[in-house]
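Novice: Sequence and predicted structure below; questions after.
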Amino acid sequence: MIKILIADDHLIIRQGLRLILETEGDLELVGEASDGAEALELCARLHPDVVLMDLRMPGMDGLTAIEKLRGTQPEIAVVILTTFNEDELMVRGLQAGAHGYLLKDTDRRALFDTIRAAARGETLLKPEIMARVLARRNAPTLEAQAASEPVNLTEREHQVLEAVARGERSKEIALRLEISERTVKAHLASIYGKLGVDSRAAAIAVAAQKGLLAPKTTSP
């Protein structure tokens, strides 16, 4: 069972998500929070596998909660589920450590697939979201220093990074590149170190800012 916590300040959203999640036998809703602070408190007590996190909530917002959760319980995966279709929020959320970014008008299958990928420690971004992350690399709001700092990835690290950006699992990457899963994880650790991140989603966001991902990566 994948234990899920919902953090959203709208009761009707939480109720709707509860009904949707109850239709899947491997998903279990273990708690609901109305703001970021309550989400952190419940996470410490309930230890969910995945948190569905709204970004804009009264009191502590979702971005702050994601950052704090990464510092206290990094094993808990966060999927952003928001009504705000804003590139700045999206990139900040992924950099903060979220494993996915979904809008509240997403379909059920995308929601379930993203939750299950996050529970496995993987990042699943819809092609249109990935395209927007890539587009952000030329946005004027990017920090000049972060964008200009050179990152030297090996050819194999580039291959692994692009596969991650396509949403491939470690097992799939290993099979396609004819290497072991352990080697894939070693490459990921090296990529994280060079990019100064600690998650797949953050690696994708930072790599896109630095121009390390090609637009073809977004192809299904």
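Specialist: That came in fine, so what should we check first? Keep in mind the model is a prediction, meaning the values are calculated, not measured.
Novice: Tell me how the protein divides into domains.
Specialist: Domains of the chain are assigned by automatic domain parsing as 2-124, 139-218.
Novice: so which of the ones you listed is the most packed in?
Specialist: Stretch with highest mean neighbour count among those: domain 2-124 (a mean of 19; mean count of other CB atoms under 10 Å). The C-beta positions use only the backbone N, C-alpha and C, and glycine is treated the same way.
Novice: can you list the weak-confidence ranges in this structure?
Specialist: Low-confidence segments of the chain (pLDDT under 70): 126-128, 130-149, 214-220.
Novice: thought residue 78 was touching residue 51?
Specialist: Yes. Contact criterion CB atoms under 8 Å: residue 78 and residue 51 qualify, at 4.9 Å.
Novice: which neighbours do those two share?
Specialist: Shared contacts of residue 78 and residue 51, defined by CB atoms under 8 Å, 6 or more residues apart in numbering, comprise residue 69.
Novice: Spatially central residue in the protein, please.
Specialist: residue 99 (1.7 Å; CA atoms, centre = their mean).
Novice: So that one versus residue 29, what's the distance?
Specialist: 18 Å (CB to CB, to the nearest Å).
Novice: which residues are contacting stretch 19-28?
Specialist: Contacts of stretch 19-28 (CB under 8 Å, 6+ apart): 1-4, 29, 108, 111-112, 115-116.
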